[in-house]
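Trainee: What shape does this take:
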Amino acid sequence: MTICVFGSSSDAIDRAYLDAAEQLGERIATRGDALIYGAGKYGVMGAVSRGVLRGGGKMTGVSPQFFVNRGVLADYSEIVFTETMRERKAYMEDNSDAFIICAGGIGTFEEFFEVLTLKQLGRHQKPIIIYNVRGYYTPLLELMEQSIREHFLAEDTVTLYAVAETEDEVFSLLDSYEAAAYDKYGGK
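Mentor: The predicted structure is shown next:
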C-alpha cells in the first residue's frame, strides 16, 4: 500500500507531533508500505520521512519546482517535481492508496478538504484517517459536527473519514477499511 501523509512543514511545533510522525513513518516502513508526501525535510513531513528512512522503507516526495532553491526539500527520498501546487496534490492523490492527515496548518487543511471533497463527489474511495495527536483536530471535528447540525453537511459526511487518537488505531482503521458507496446527492 502507498500511504499519503499530509502534515506540517514547521519545526516550531511541539516535539510531540514530530515524534508521533516519525514513529508513524517508521511503522509505515516496517509494515512494508510506501510513503508519498510533500518532500519537505522540516516539520511533520520531515519527521514522517525520517521515520520511513529509519525503518528502511520506500518513499516518494512530491514538490513543485519552485521549492528547489528554498532549502526545504529532503535529500534522502526520490522526488517527483511538478510545476504547481495543484499538480503536486494531484500526483499524491493519484498515486496513493490511503491518506493520513497529521497535524498541520493551512496547506494540510486544504489537502484534507480536497481529498474529502473528492471522496464525497465519488472521485475516489480511499481511506482518509485524521491522526488526532494530542487532540489537535478536535476543534475541526467539532466544526464538522456544527456544520452537520446546521445542515451545511449531510449527517453521513462523517462516514467519509475516520479519526484515530493513536498510531495503533491509524493502522487498525487502514487494515479494516472497506470502501462504501456514498452519494452526495442521494441519487437525485
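
Trainee: and the nearest residue to Gly57 once chain neighbours are set aside, how far is that from Gln23?
Mentor: In space, and not counting its chain neighbours, Gly57 is closest to Ala29: 2.6 Å by Cβ to Cβ, 6 or more residues apart in numbering. For the C-beta atoms, the positions are set from N, CA and C on the backbone; glycine is no exception. Ala29 sits at a distance of 11 Å from Gln23 (criterion: Cβ to Cβ, to the nearest Å).

Trainee: Now for the residue nearest to Gly57: which residues touch it?
Mentor: Contact analysis of Ala29 by Cβ atoms under 8 Å, 6 or more residues apart in numbering lists 35, 51-58.

Trainee: go on, Glu167?
Mentor: Glu167 is in contact with 20, 23-24, 27, 131, counting by Cβ under 8 Å, 6+ apart.

Trainee: what touches both of Ala29 and Gln23?
Mentor: Each of Gly51 lies in contact with both Ala29 and Gln23 under the rule Cβ under 8 Å, 6+ apart.

Trainee: Mind giving me the packing neighbours of the longest strand along the chain?
Mentor: Ranked by number of residues, the top strand in the chain under DSSP state E is strand 58-64. Here strand 58-64 is seen to pack against strand 34-37, helix 43-54, strand 78-82, helix 85-94 when contacts are counted using 3 or more Cβ pairs under 8 Å, 6 or more residues apart in numbering; DSSP states H and E.

Trainee: looking at the ones you listed, which is closest to Lys119?
Mentor: Proximity to Lys119, assessed across these by Cβ to Cβ, is greatest for helix 85-94 (10.2 Å).

Trainee: Identify the residues contacting the closest one?
Mentor: Helix 85-94 is contacted from outside by 4, 36-38, 62-64, 80, 82, 111, 114-115, 118, 124, using Cβ under 8 Å, 6+ apart.

Trainee: so it versus strand 78-82, what angle?
Mentor: Orientation of helix 85-94 against strand 78-82 (axes from the mean of the first three to the mean of the last three Cα atoms, to 10 degrees) gives an angle of 130 degrees.

Trainee: what about helix 85-94, distance to the chain center?
Mentor: Here the centre of helix 85-94 is set off from its chain's centre by 12 Å, with Cα atoms, centre = their mean, to the nearest Å.

Trainee: try stretch 26-34
Mentor: Centre-to-centre, stretch 26-34 and its host chain are 15 Å apart (Cα atoms, centre = their mean).

Trainee: buried stuff in that stretch?
Mentor: For stretch 26-34, burial by neighbour count (16 or more other Cβ atoms under 10 Å) applies to 26-29, 33-34.

Trainee: Just send these back as a markdown table, with distance to Ile101 too.
Mentor: What follows is those, written out as a markdown table (distance: Cβ to Cβ, whole Å):
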| residue | distance to Ile101 |
| --- | --- |
| Glu26 | 19 |
| Arg27 | 16 |
| Ile28 | 14 |
| Ala29 | 19 |
| Asp33 | 16 |
| Ala34 | 18 |
